[in-house]
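>>> okay, sequence plus prediction incoming.
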Amino acid sequence: FVECIPVFWVMLLSMWPTLLSNFLKLLWCVPILEDNDAGITITKQRLKPDPELICWSRDHILVAMICFIGGSVWCFGVPV
């Protein structure tokens, strides 16, 4: 098993850019114009990969927690 540690290390480091990119996509909010019930155009922040999700709503906070935990463990904890 000790001989495999460098292989695991290289594998984890090669996965790092992809994982970081995917975790950051969970925080990527963009402004989208939409009409409210009164017919006024307003801007809402929506998640770029899933525009149905309003940014920093209760559902998005759960997704953001996954992003922060995953990013902390995989993207910052593994290389250190």
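Thanks, I have the structure now.
>>> now the strands: where do they sit in this protein?
Using DSSP state E, the strands of the chain run over 29-35, 41-47.
>>> just checking, what packs against the longest helix along the chain?
In the chain, with assignment by DSSP state H, the single longest helix is helix 5-25. The contact analysis (3 or more CB pairs under 8 Å, 6 or more residues apart in numbering; DSSP states H and E) places helix 5-25 against helix 58-70. Glycine gets a C-beta too; all of them are placed from N, C-alpha and C.
>>> show me what the helix it packs on is packed against.
Counting by 3+ CB pairs under 8 Å, 6+ apart, helix 58-70 packs on helix 5-25.
>>> shaky segments in this structure?
78-80 (pLDDT under 70).
>>> show me the residue sitting in the middle of it in space.
L26 (2.5 Å; CA atoms, centre = their mean).
>>> buried residues, the longest helix of the chain. List them.
Judged by neighbour count (16 or more other CB atoms under 10 Å), helix 5-25 contains these buried residues: 19, 23.
>>> same deal with stretch 67-80?
67, 71, 74-75.
>>> deepest-packed of the strands of the chain, please.
strand 41-47 (a mean of 14; mean count of other CB atoms under 10 Å).
>>> residues in contact with that strand?
Outside strand 41-47, the residues that touch it by CB atoms under 8 Å, 6 or more residues apart in numbering are 26, 28-36, 52-56, 60, 63.
>>> and stretch 21-28, by the same measure?
Contacts of stretch 21-28 (CB under 8 Å, 6+ apart): 47-49, 63-64, 66-67, 70-71, 74-75.
>>> distance to P17 added to these, as JSON lines?
Output for the contacts of stretch 21-28, formatted as JSON lines (distance: CB to CB, whole Å):
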{"residue": "L47", "distance to P17": "21"}
{"residue": "K48", "distance to P17": "19"}
{"residue": "P49", "distance to P17": "18"}
{"residue": "V63", "distance to P17": "21"}
{"residue": "A64", "distance to P17": "21"}
{"residue": "I66", "distance to P17": "19"}
{"residue": "C67", "distance to P17": "16"}
{"residue": "G70", "distance to P17": "14"}
{"residue": "G71", "distance to P17": "13"}
{"residue": "W74", "distance to P17": "11"}
{"residue": "C75", "distance to P17": "9"}
